[in-house]
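**Q** Need coordinates for the below:
(chains A and B)
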Amino acid sequence: MGTTRCTIVARLMLIKFCVLCVQIKCFLEIITIGYSVYHSYHLPWFRTLSWYFLLCVNYFFYGETVTDYFFTLVQREEPLRILSKYHRFISFALYLTGFCMFVLSLVKKHYRLQFYMFGWTHVTLLIVVTQSHLIIHNLFEGMIWFIVPISCVICNDIMAYMFGFFFGRTPLIKLSPKKTWEGFIGGFFATILFGIMLSYVMAGYRYFVCPVEFNNDSNSFQVDCEPPELFQLQDYTLPSILESVTGWTTVRLYPFQIHSIALSTFASIVGPFGGFFASGFKRAFKIKDFANTIPGHGGIMDRFDCQYLMATFVNVYIASFIRGPNPSKVIQQLLALRADQQLFIFNSLKAHLTERGLLPALEEAAA
Amino acid sequence: MTELRRRGGGGEDPDSTDNMTDKEGEDDRLLGLQGDTEAECDVDTKADAADVPASTADTDNTPQCLNKALEGLPPRWKNYWIRGVLSLAMICGFFLIIYLGPIALILIVMTVQIKCFQEIITIGYKVYRSYDLPWFRTLSWYFLVCVNYFFYGETLADYFGALVQREEPLQFLSRYHRFISFALYLAGFCMFVLSLVKKHYRLQFYMFAWTHVTLLIVVTQSHLVIQNLFEGMIWFIVPISIVICNDIGAYLFGFFFGRTPLIKLSPKKTWEGFIGGYFSTVVFGFILSSLLSQFQYFVCPVGLSSESGSLFTVECEPSDLFVLQQYKLPALVRNALPWETVTLYPFQIHSIFLSSFASLIGPFGGFFASGFKRAFKIKDFASTIPGHGGIMDRFDCQYLMATFTHVYIASFIRGPNPSKVLQQLLMLQPEQQLSIFNTLTSHLKDRGLLPPTA
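**A** Okay, the predicted model is just below:
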């Protein structure tokens, strides 16, 4: 049991660390492009300020995540509790310090450059750091929500390339002359198939499917749970058209596989716009690749350009269609309320639960 | 298609003419605003692009009546009079708006936000001369509408949960709100990508970034202002008044006693003005808070009352913050003054912190805007208000204040919104609801709020 706990914690930390590294590398690549475009190497404050802002925003997001998901752990440790209670204020104060440093660093002849770099840094932070934290949120929902979207995008990249290579004839968009309609459509269908198969394989394992939670009793992370309905095989009656074609009346699927169709569709149809955006960006600033990190492929950003929209989409999708609010966060907010507000909620909740038959009516009679 | 690595992205600077000199004009050339031989930017290579042409502040909007009344005065005094009259007019307008109530305030905030957005975007158009790319205006306004829809939807869902639950279409919109907002934003994003035109890539990306940064600054702040407003009108009035007072106080102290310059960026600001403004603002904030804390109209959170059915009731039991309490003066102060205890509203103590922020950090917002105007060589953001410039000129110090007030309230004053918590509770799975119910029951019993037998 001890080794399982260690392994889970270690794996989580490793994944978070990887995401953090990718984020920092992407940030570095974009900022370096900004420096070379604006020749602002000799204004040393910028590099310091850019990294400082990166640190601030990361602190804010990581703090929110830690507070949300590890509420009980945070409540126990005194310094953590203070940091968490005044977290927004501390983050804001840190950001303000950076802002004031920026204003104080404005040098007479370089105002415009400095404002450009300030704007550049902020837009980069908005794109890169926000996405990476949404990825981590998705991860906490269950590793399958992290693996399947990223795999779908990669599959779409590869399949669109191969279909384009073998059958490509009609160009898709002026921005990326190598993309073709045949590749686009072929990639779409291939990705949907791949998504369905991958979901089928992964939905069977608890390791991938369970949300990462902090267990208050055992004082550790766990990925052990009763798989939610989403990951239990169910029978679906095929519509009559398909019935006549395939000869089956019902089919056993995980509900998640149906969701994976939506995810694959997004990855194939809207995801490439992220790629076109990056192509336009490279075209605009006359660079061939974001950097030379990966031989033959370019920089990290070149590989991750289609992933941005995907991470946000998955997060919004989960929030809208899959899960409700996070229970530990709700408890946290409940306990922070005033006494009369807590009583009000207590009574409303009691009435609601009794109505739905979850609380025995005997309790009402005894009260 | 061969791409030239023109800018030496690997840290090298092969082109000797690209060495940084100390001329702003050189900056402009490097920024691709003029003389870009690749013809990627649609700019006039011959014109002097160091100055933004046709500054928006050149036109004189002074009303004819004022002009006539001040005909006889020398130009300097005329300017002061115009500024003074308009200041008074704006302050009166402020009182009028407060009198009209929360709905009017929200509308005014939205109007100001749209005007600020328009001013900044217009400057962007002028700087990049992108008038001839019509998609941008459409796209910029579209993004403004999207972000506003997202924020207003969140606010409505939070504060008017009961109303929203009653109406069927509203319920649908509220449940899938984030998804709908995201879809709308994506549509704009895809339109942007499809609108990229071959020779104008860089311009288009600049305008895209410009729009987003403007949205980040202007729209976020305006929604924080509205959220502060919902907390109670006093949280809207006091911060804004304090910033205005600091502006005026610093100006007056600087006018009469100013000697030591404060910062190279704004040569008119002085240390005397800064410090004098600080103390006068703290005193002003103190007095204003004690005045306003007495009235329920200012102090109560704005909310939808389900009983009376009327929108925006401002009647409630004032919270502890607005109930007079006795404070013992520390020994030092007791020696100076003959009082032992002093009766204060706790809010007045909070107002000291708000005033300190407004006086010490708020001006950085003003310096930021000055640097911005200096960078893009404009005198004022626009000429909407005669003698003062554009709306942004008046609101530049308010940005940080709105965010600070919001963070301050969230950290030190209120807890979470109970109706929002209940809403979230009701959305959970039944088992989770039961477990939370049990936790809450034991918690309330511990605190003695529930009889142990319940």
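**Q** Now the stretch 201-350 of chain B against chain A: closest residue?
**A** B:Tyr201 (3.5 Å; Cβ to the nearest Cβ). Placement of C-beta: from N, CA and C, glycine included.
**Q** can you check the stretch 251-400 of chain B too?
**A** Per Cβ to the nearest Cβ, B:Ala375 is where the stretch 251-400 of chain B lies closest to chain A, at 3.5 Å.
**Q** Touching, that residue and A:Arg112? I think so.
**A** Yes. In this structure B:Ala375 lies within contact range of A:Arg112 using Cβ atoms under 8 Å: 4.1 Å.
**Q** Among those two, which residue is more densely surrounded?
**A** Neighbour count, other Cβ atoms under 10 Å in any protein chain shown: between B:Ala375 and A:Arg112, A:Arg112 has more, with 22 against 19.
**Q** Buried residues in the helix or strand hosting that one, which are they?
**A** Assessed by DSSP states H and E, A:Arg112 sits inside helix A:111-124. Buried residues in helix A:111-124, counting neighbours by 16 or more other Cβ atoms under 10 Å in any protein chain shown, are found at A:111-124.
**Q** Next secondary structure element downstream of it?
**A** As assigned by DSSP H and E, the chain's next helix or strand after helix A:111-124 is helix A:130-141.
**Q** Can you list the neighbours in contact with the next helix or strand after that following helix?
**A** Using DSSP H and E, the helix or strand that follows helix A:130-141 towards the C-terminus is helix A:144-167. Helix A:144-167 has contacts (Cβ atoms under 8 Å, 6 or more residues apart in numbering or on different chains) with A:15, A:135, A:138-139, A:178-180, A:182-188, A:190-191, A:194-195, A:198-199, A:202-203, A:208-209, A:231, A:256, A:260, A:263-264, A:267-268, A:271-272, A:306-307, A:310-311, A:313-314, A:318.
**Q** Counting only strands, which of the residues you listed make the cut?
**A** Counting by DSSP state E, the part of these found in strands is A:178-180.
**Q** how about CSV for those, with distance to chain B, neighbour count and pLDDT added?
**A** Output for the ones in strands among the contacts of helix A:144-167, formatted as CSV (distance: Cβ to the nearest Cβ, whole Å; neighbours: other Cβ atoms under 10 Å in any protein chain shown; pLDDT from 0 to 100):
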residue, distance to chain B, neighbour count, pLDDT
A:Lys178, 10, 13, 82
A:Lys179, 12, 21, 85
A:Thr180, 16, 21, 88
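**Q** how does chain B divide into domains?
**A** Annotated domains of chain B cover B:17-133+B:197-415, B:419-454 [automatic domain parsing].
**Q** If you count neighbours, what's buried in the last one?
**A** Going back to what we said before, that points to domain B:419-454. Neighbour counts over domain B:419-454 (16+ other Cβ under 10 Å) mark B:419-425, B:428, B:432-433, B:436-437, B:440, B:443-444, B:450 as buried.
**Q** Run through those and flag the ones next to chain A.
**A** B:420-422, B:424-425, B:428, B:432-433, B:436-437, B:440, B:443-444, B:450 (Cβ under 8 Å from any Cβ of the partner chain).
**Q** can you pull the pLDDT of residue 198?
**A** If you meant another chain, say so; for now it's chain A. A:Leu198 carries a pLDDT value of 91.
**Q** That was the other one, I meant chain B.
**A** Listed pLDDT for B:Lys198 reads 79.
**Q** Hmm, A:Gly280 and it touching each other?
**A** No. Assessed by Cβ under 8 Å, B:Lys198 is found out of contact with A:Gly280, at 10.2 Å.
**Q** Can you show me the helices along the stretch 51-200 of chain B?
**A** B:64-69, B:75-100, B:102-128, B:134-159, B:161-166, B:168-175, B:177-194 (DSSP state H, counting those that start in this stretch).
**Q** Which residue would be the closest one in the stretch 51-200 of chain A to chain B?
**A** For the stretch 51-200 of chain A, Cβ to the nearest Cβ, closest residue to chain B: A:Tyr111, 3.5 Å.
**Q** Dump the domains of chain B to CSV, plus distance to B:Ser140.
**A** Listed next are the domains of chain B as CSV, based on distance: least, Cβ to Cβ, whole Å:
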stretch, distance to B:Ser140
domain B:17-133+B:197-415, 5
domain B:419-454, 32
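**Q** Highest mean neighbour count out of these?
**A** domain B:17-133+B:197-415 (a mean of 17; mean count of other Cβ atoms under 10 Å in any protein chain shown).
**Q** Determine how far it lies from the middle of the whole chain.
**A** Taking Cα atoms, centre = their mean, to the nearest Å, one finds domain B:17-133+B:197-415 lying 7 Å from the centre of the chain it belongs to.
**Q** tell me the secondary structure for B:Thr343?
**A** Following DSSP: H, G, I helix; E, B strand; the rest coil, we place B:Thr343 in the strand state.
**Q** which residues of the stretch 201-350 of chain B score low on pLDDT?
**A** B:303-315 (pLDDT under 70).
**Q** 80 instead?
**A** Applying pLDDT under 80 to the stretch 201-350 of chain B flags residues B:203, B:264-266, B:296-297, B:300-321, B:326-342.
**Q** can you list the residues of the stretch 1-150 of chain A near chain B?
**A** Within the stretch 1-150 of chain A, the positions adjacent to chain B are A:32-33, A:36-39, A:41-42, A:85-86, A:88-89, A:92, A:96, A:99-100, A:102-104, A:106, A:108-116, A:119-120, A:122-123, A:126 by Cβ under 8 Å from any Cβ.
**Q** Among these, name the buried ones.
**A** Buried, going by 16+ other Cβ under 10 Å: A:32-33, A:36-39, A:85-86, A:88, A:92, A:96, A:99-100, A:102-103, A:106, A:110-116, A:119-120, A:122-123, out of the residues of the stretch 1-150 of chain A next to chain B.
**Q** State the helix or strand in which the residue of the stretch 201-350 of chain B closest to chain A lies.
**A** Assigned by DSSP H and E, B:Tyr201 falls in helix B:201-214.
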